[in-house]
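In: Give me coordinates for this.
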Amino acid sequence: MNVAIIVAAGAGRRMGGGRAKQFREISGIPIIIHTLRRFDECETINASVVVLPRDECEEFRALAERHGLRKPSRAVAGGETRGASVLRGLQALASDEIEIVAVHDGVRPFVKAEEIDRTVREAEVFGAAILAIPSTDTVKEVEGGRVLRTLERARVWRAQTPQCFRFDLLRRAYELASPDGLDATDDSALVERAGATVRVVEGGAHNIKITTPQDFALAGILLRGRRSEVSGQ
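Out: Here you go, the predicted structure:
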């Protein structure tokens, strides 16, 4: 059994407004529902755990039912950091039933079902795989406003989600992490630190993380484009 942990416990302060960004609507549907529909469409994920702010968990249950999500999903309260929230999602799983865990940002609603499937299948073979895209910009390593070095662009990729791991590998990576380690920018960093090799599956620029008002505006354009593709217009 493969399970997605959808991380959506943030307050979304950079977005502005009173509502957490994962519950803001695009074309009348909350972002978190758009995201979960992608996992409904994929072949490799059987169920999901959605990690939310504590006071949103009860509302989410009604929301999921109202929007007709097909696959089982349950809500759990998140922690103070992203890492702490993922850990709570892991703790909510029955370990003897789980093979692959796919960790995904709740505000990445444009991931494609086939991208999820490719990443999960790579993890089934190799133990760990993340969706990522090659950098199209030259990347500088900077400290104190000073360039330390220029990284070789051909070797630089921008990490996305989902990030997929064998359950026992991801759990061990979290067990080995110090409290500070739980603030790692992504789960792959903890798995790498634990000594495992992580494979890369190429994704696309459409898989944006909605963080700012500008991202929200772009999301509306992307959704209209996706609907045009589906309708054949």
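
In: Show me where the chain has its strands.
Out: Here the chain has its strands, by DSSP state E, at 2-7, 25-26, 29-30, 47-52, 73-77, 100-105, 128-134, 140-143, 146-150, 157-166, 199-202.

In: what inclination does the longest one have with respect to strand 128-134?
Out: Angle between the axes of strand 157-166 and strand 128-134 is 160 degrees (criterion: axes from the mean of the first three to the mean of the last three Cα atoms, to 10 degrees).

In: Strand 157-166 to strand 2-7, inter-axis angle?
Out: Going by the same axes, to 10 degrees, strand 157-166 makes 130 degrees with strand 2-7.

In: buried set for strand 157-166?
Out: By neighbour count on 16 or more other Cβ atoms under 10 Å, the buried set for strand 157-166 is 159-166. The way it works is simple: take the backbone N, C-alpha and C, and place the C-beta from them, glycine included.

In: Most widely separated two among those residues?
Out: 160 and 166 (19.7 Å; Cβ to Cβ).

In: could I get the buried residues of strand 157-166 as TSV with distance to residue 53 and pLDDT?
Out: Formatted as TSV, these follow (distance: Cβ to Cβ, whole Å; pLDDT from 0 to 100):
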residue	distance to residue 53	pLDDT
159	24	97
160	23	97
161	19	98
162	21	98
163	22	98
164	25	98
165	25	98
166	29	97
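
In: and which of those residues is nearest to residue 38?
Out: Using Cβ to Cβ, these come closest to residue 38 at residue 162, 9.6 Å.

In: show me the contacts for the closest one.
Out: Taking Cβ atoms under 8 Å, 6 or more residues apart in numbering as the criterion, residue 162 is in contact with 4, 102-104, 111, 115-116, 119-120, 130-131.

In: Distance-wise, check it relative to residue 47.
Out: From residue 162 across to residue 47, the span is 14 Å (Cβ to Cβ, to the nearest Å).

In: Residue 128 now?
Out: Distance from residue 128 to residue 47, by Cβ to Cβ: 21 Å.

In: Please look at residue 206 and residue 110 and confirm they touch.
Out: Yes. Using Cβ atoms under 8 Å, residue 206 is in contact with residue 110, at 4.9 Å.

In: Any regions of this structure where pLDDT drops low?
Out: 11-19, 179-181, 227-233 (pLDDT under 70).

In: Nearest the middle, which residue of it would you pick?
Out: residue 104 (1.8 Å; Cα atoms, centre = their mean).

In: and the gap between that one and residue 39?
Out: In terms of Cβ to Cβ, residue 104 sits 8 Å off from residue 39.

In: what's the overlap in contacts for these two?
Out: 4, 6, 116.

In: which of those residues has the most neighbours?
Out: Counting by other Cβ atoms under 10 Å, residue 4 has the largest number of neighbours within these, with 30 neighbours.

In: need the contact list for it.
Out: 39, 45, 47-49, 101-104, 162.

In: Now render those residues as a markdown table, adding distance to residue 212.
Out: What follows is these, written out as a markdown table (distance: Cβ to Cβ, whole Å):
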| residue | distance to residue 212 |
| --- | --- |
| 39 | 24 |
| 45 | 28 |
| 47 | 31 |
| 48 | 26 |
| 49 | 27 |
| 101 | 28 |
| 102 | 25 |
| 103 | 22 |
| 104 | 19 |
| 162 | 22 |
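
In: OK, contacts around the nearest residue to residue 27 once chain neighbours are set aside?
Out: Once flanking residues are discounted, residue 27 sits nearest to residue 223: 5.8 Å by Cβ to Cβ, 6 or more residues apart in numbering. When contacts are counted by Cβ under 8 Å, 6+ apart, residue 223 touches 26-27, 34, 110.

In: Good, we can wrap up now.
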